[in-house]
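Trainee: A predicted structure for the sequence below; I have some questions about it.
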Amino acid sequence: MSERERDRQRRFILPVYNMRLINLGPDPSLAYRPDQQPVTSKAQTEFRNFESGELFDRVYNTYKLMHTHQTLDFVKRKHVEWSGCTHAKMTMMQAVDSLDQLVDESDPDVDFPNSYHAFQTAEGIRAQHPDEDWFQLVGLIHDVGKMMALWGEPQWAVVGDTFPVGCKFQDSIVFRDTTFKQNPDNTDSVRSTECGIYKPKCGLENVLMSWGHDEYLYQVMKFNKCTLPEEGLYMIRFHSFYPWHCGNSYTHLCVDKDMSMLSWVKEFNKFDLYTKSEELPDVESLRPYYQSLIDKYCPGVLEW
């Protein structure tokens with residue numbers, strides 16, 4: 001261990017309780033994506049290739065668990081459990097640093113802590129959007145909701161594509177044909193209909209999404225009254241909502257505001273997907289700049 005790493009461990013004490021380290025395994029939220037233009041020179045086909053072999057089975061099983069257990073009732077229970085933000089108190093930078101503990105050992109692209117991906121995403125955005133500091137901050141913090149895994153939340157309730165619950169599961173959802181068969185909402189007389197419990201054009205803000213790190217961080221930001229603009233909050237809440245921003249599904253639930261935000265979510269997504277690189281950023285040199293953004297938009301100790 002280098003002197004920098006030892007100093008970092010001495011300096012960083014995460015103020016949480018009942019935290020335990022687990023291996024997230026492969027993150028299926030980056031698997032089976034519609035083609036997008038990468039922001040690196042690496043070929044798209046080289047990213048997250050889970051189409052065959054042992055890793056495919058693990059990804060498929062993750063989605064099968066997710067699609068079996070992510071019901072309307074499950075999501076409502078998770079909102080009660082997590083949206084009150086009673087699990088910990090820490091700063092946003094401490095939350096980012098906690099991702100040091102999450103190394104995806106099965107990731108075919110990288111073998112370094114998720115905290116590096118946070119800074120890589122933020123720096124990719126900073127290079128192309130130098131005037132949108134809030135956008136850069138979203139790049140830094142978008143995955144911190146994965147801390148739920150350190151509190152024992154199973155992987156299928158932390159990572160992966162998100163989708164609305166309480167209405168028909170659309171065909172654009174990953175593995176739609178084979179993984180929802182044991183989900184009771186799939187055959188419910190109301191929840192299996194096109195709109196389900198919702199009214200047409202009700203707006204995505206009134207839709208319950210499957211539970212994961214996106215929804216959790218969105219709830220944390222609202223609970224702590226963080227001042228990111230609406231575009232940033234949409235990026236946080238819907239960056240894994242691939243059936244919407246890549247599959248063109250669920251537009252019957254959207255209002256004009258949702259559709260106007262769609263281009264921002266798409267813009268964020270290309271940085272999230274394609275900024276991974278073995279060239280790791282110098283996190284310590286970047287820390288003061290991003291701390292200034294945290295102080296601007298989500299300062300102080302937050303409740304999680």
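Mentor: Received the coordinates, thanks.
Trainee: pretty sure residue 90 sits in a strand.
Mentor: Yes: read with DSSP: H, G, I helix; E, B strand; the rest coil, residue 90 is one of the residues of a strand.
Trainee: surely it and residue 300 touch.
Mentor: No: taking contacts as CB atoms under 8 Å, residue 90 lies outside contact range of residue 300: 10.3 Å. From N, CA and C alone the C-beta is placed, and that goes for glycine too.
Trainee: residue ranges with poor pLDDT in this structure?
Mentor: 1-55, 102-115, 274-280 (pLDDT under 70).
Trainee: where is the longest helix in it?
Mentor: Ranked by residue count and defined by DSSP state H, the top helix of the chain is helix 256-274.
Trainee: buried residues in that helix?
Mentor: Neighbour-count burial for helix 256-274, counted by 16 or more other CB atoms under 10 Å, picks out 258, 261-262, 264-265, 267-274.
Trainee: got it, and stretch 168-180?
Mentor: Within stretch 168-180, the residues that qualify as buried are 168, 169, 170, 172, 173, 174, 175, 176, 179, 180, counting by 16+ other CB under 10 Å.
Trainee: ends of that stretch, what's the gap?
Mentor: 11 Å (CA to CA, to the nearest Å).
Trainee: so what touches that stretch?
Mentor: 28, 31-32, 60, 63-64, 66-68, 160-161, 163, 183, 185-186, 191-194, 196, 242-243, 246-250 (CB atoms under 8 Å, 6 or more residues apart in numbering).
Trainee: next one: it to chain centre, how far?
Mentor: Centroid displacement of stretch 168-180 relative to its chain, using CA atoms, centre = their mean, to the nearest Å, is 19 Å.
Trainee: ok so, going back, what about residue 90 and residue 300, which has more around it?
Mentor: residue 90 (21 against 10; other CB atoms under 10 Å).
Trainee: which residues does that one bridge with?
Mentor: Assessed by DSSP bridges, residue 90 has beta-bridge partners residue 302.
Trainee: distance of it from residue 232?
Mentor: Note on residue 90: its distance to residue 232, by CB to CB, to the nearest Å, is 20 Å.
Trainee: could you look up the SS state of the residue lying closest to residue 191 once chain neighbours are set aside?
Mentor: In this structure, residue 191 finds its nearest non-sequential neighbour in residue 185, 4.2 Å apart by CB to CB, 6 or more residues apart in numbering. Following three-state DSSP, residue 185 is assigned to helix.
Trainee: hmm, residue 185 is touching residue 193, no?
Mentor: No: counting by CB under 8 Å, residue 185 does not reach residue 193; the two are 10.7 Å apart.
Trainee: just want to know which of these two has more residues nearby.
Mentor: Under the criterion of other CB under 10 Å, the comparison of residue 185 against residue 193 puts residue 185 first, with 21 against 13.
Trainee: SS state for the residue nearest the centre of the chain?
Mentor: By CA atoms, centre = their mean, the chain has its centre lying nearest to residue 214, at 4.0 Å. Here residue 214 is recorded as helix under three-state DSSP.
Trainee: and the gap between it and residue 201?
Mentor: Residue 214 is 23 Å from residue 201, by CB to CB.
Trainee: again with residue 192
Mentor: Distance, residue 192 to residue 201, by CB to CB: 20 Å.
Trainee: likewise residue 164?
Mentor: Computed as CB to CB, the residue 164 to residue 201 distance reads 14 Å.
Trainee: need the overlap of contacts for the two.
Mentor: Taking CB under 8 Å, 6+ apart as the criterion, residue 164 and residue 201 both touch residue 253.
Trainee: those two: which is more packed in?
Mentor: More crowded of residue 164 and residue 201, by other CB under 10 Å: residue 164, with 26 against 13.
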